[in-house]
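Q: Need coordinates for the following:
(one chain, ligands or ions: 1)
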Amino acid sequence: MILSHLFYLISASSVALAQSRTMGFIGCSMAENVAQGYVAVGGERLWAPYGTGAMVVQSWTSPNSASWQLFDRQATQNGKPTAVWVQICIFAQAGATMQEVTQLIENARQHAAPDAEIYITGQPLYEPGQTCFLAGADGPELTDSLAKQAAEDPALNVTYPGSFLLRQGEVADGCHANTAGQQSLGNQAIEFFG
Ligand SMILES: *[C@@H]1O[C@H](CO)[C@@H](O)[C@H](O)[C@H]1NC(C)=O
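A: Numbers count the residues shown, from 1 in each chain. Sure thing, here's the model as predicted:
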């Protein structure tokens, strides 16, 4: 009887500790790929996908953009996030600058709960021989190096947890993750964010 009470207490406290959907994110369809896989493999901290397709860096530079309004609606549903993952995602022609990335970080702070932890990554990298045609030949690498650069600046106070990777056989259309790729990205997100 004591043992069964103990099990009850353990399971009750793990439910109470589960941090459900307290980490927001911004990014494009590539962030949705991660979030889709994350939910599929049982991740609980990061938000589920919320319709951020095509929302590259320039969609998030103005703090009042349609994309941020979408984020705010999600924050109303889930509660203001205590952490935000900023994914730098680009179209080949537009690219991105460090100034734009800094703007994204400032906006993330403004739209999250006070003292929220900000994580930053590029869009996923690929195994040799593949890339994302939408981002351009060296696009994914550019976004990854911008993320690293941001994390090296103490004034920005952001964490770079590592780069996401899509392997051979995990890419659907010359850019996005297929189902296996989503699950792989989801597991990588659990390693990065819990
Ligand atoms: C840096 O971010 C953390 C959250 O990750 C926050 O608690 C802290 O106050 C920030 N530090 C400064 C100097 O803004």
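Q: Now name the helix or strand holding V84.
A: Using DSSP states H and E, V84 sits within strand 83-88.
Q: mean confidence score for that strand?
A: For strand 83-88, mean pLDDT is 98.
Q: Can you report phi and psi for the nearest residue to P63 once chain neighbours are set aside?
A: Spatial nearest neighbour of P63, chain neighbours left out: N107 (4.6 Å); criterion: C-beta to C-beta, 6 or more residues apart in numbering. Yep, even glycine has a C-beta here, placed from its N, CA and C like the rest. Backbone torsions for N107, taken as degrees, to the nearest 10, come to phi -60, psi -40.
Q: Next, the nearest residue to T159 once chain neighbours are set aside: secondary structure please.
A: Nearest in space to T159, with sequence neighbours left out and distances taken as C-beta to C-beta, 6+ apart, is Y119 at 5.0 Å. Using DSSP: H, G, I helix; E, B strand; the rest coil, the structure places Y119 in strand.
Q: Report how many residues lie close to Y119.
A: Using other C-beta atoms under 10 Å, Y119 is surrounded by 21 other residues.
Q: Tell me which strands the strand holding V84 pairs with, and in which orientation.
A: Based on DSSP bridges, the pairing partners of strand 83-88 within the sheet are strand 23-26 (parallel), strand 117-122 (parallel).
Q: For the protein, what lies in contact range of the ligand?
A: When proximity is defined as C-beta under 6 Å from any ligand atom, the chain approaches the ligand at D115, E117, N157.
Q: Mind giving me the PyMOL command for buried ones among these?
A: Buried members of those, defined by 16 or more other C-beta atoms under 10 Å, are picked up in PyMOL with:
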select buried, resi 117
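Q: and E100, what does it touch?
A: By C-beta atoms under 8 Å, 6 or more residues apart in numbering, the residues touching E100 are V57, Q58, T61.
Q: Low-confidence bits of the chain, can you list those?
A: Applying pLDDT under 70 to the chain flags residues 1-18.
Q: so which of the strands paired with strand 83-88 is the most packed in?
A: When you average the neighbours per residue for each of the strands paired with strand 83-88 (mean count of other C-beta atoms under 10 Å), strand 23-26 leads with a mean of 26.
Q: Show me what that one is in contact with.
A: Contact partners of strand 23-26, identified using C-beta under 8 Å, 6+ apart, comprise 31, 34-35, 45-47, 52, 55, 60, 67, 71, 74-75, 78, 81-87, 104, 108, 111-112, 193.
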